[in-house]
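Peer 1: Quick one, fold the following:
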Amino acid sequence: MSARRVLVLLLVVNLGYFAWSRGGLAMFGLEPARLTETEPQRLQQQVRPQMLRIQQNPQPRP
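Peer 2: Presented below is the predicted three-dimensional model:
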């Protein structure tokens, strides 16, 4: 494959990915999950989210 063909192929693949990630291919049934799977009700179902603490384990378990 020549360098020109590889360059054109990479350009087409990148443009396709860009269109998919922005929801431009939704009319074909191709859209990323973040555009179709929103669940705002989960935020309302949280019980005391301010109590969540992330702690680091100083020594990993063997």
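
Peer 1: what separates S21 from L15, distance-wise?
Peer 2: 11 Å (Cβ to Cβ, to the nearest Å). Yep, even glycine has a C-beta here, placed from its N, CA and C like the rest.

Peer 1: any weak-confidence spans in the chain?
Peer 2: Scanning the chain for pLDDT under 70 picks out 34-38.

Peer 1: which stretches of it form strands?
Peer 2: Counting by DSSP state E, the chain has no strands at all.

Peer 1: Where is the longest helix in it?
Peer 2: helix 3-21 (DSSP state H).

Peer 1: List of residues touching that helix?
Peer 2: The contact list for helix 3-21, computed with Cβ atoms under 8 Å, 6 or more residues apart in numbering, reads G24, L25, L30, E31, P32.

Peer 1: ok, 6 Å please
Peer 2: L25, L30, P32 (Cβ atoms under 6 Å, 6 or more residues apart in numbering).

Peer 1: tell me the contacts of the last one?
Peer 2: Going back to what we said before, that points to P32. Neighbours of P32 in contact, by Cβ under 6 Å, 6+ apart: S21.

Peer 1: Tell me the spacing between it and R53.
Peer 2: Note on P32: its distance to R53, by Cβ to Cβ, is 31 Å.

Peer 1: can you give me how far the longest helix of the chain is from the chain middle?
Peer 2: Helix 3-21 has its C-alpha centroid displaced from the chain centroid by 19 Å (Cα atoms, centre = their mean, to the nearest Å).

Peer 1: Same question for stretch 15-25.
Peer 2: The answer for stretch 15-25 is 12 Å, by Cα atoms, centre = their mean.

Peer 1: Now stretch 45-54 - C-alpha only, CSV.
Peer 2: Extracted C-alpha coordinates of stretch 45-54, given in CSV (Å, rounded to 0.1, in the frame of the first residue of the first chain):
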residue,chain,number,x,y,z
GLN,A,45,-32.3,7.8,43.8
GLN,A,46,-28.9,8.3,45.6
VAL,A,47,-28.9,8.1,49.3
ARG,A,48,-26.5,10.5,51.0
PRO,A,49,-23.9,10.7,48.2
GLN,A,50,-21.9,13.2,50.3
MET,A,51,-21.0,10.3,52.6
LEU,A,52,-18.9,8.6,49.9
ARG,A,53,-15.2,8.7,50.6
ILE,A,54,-12.4,7.3,48.4
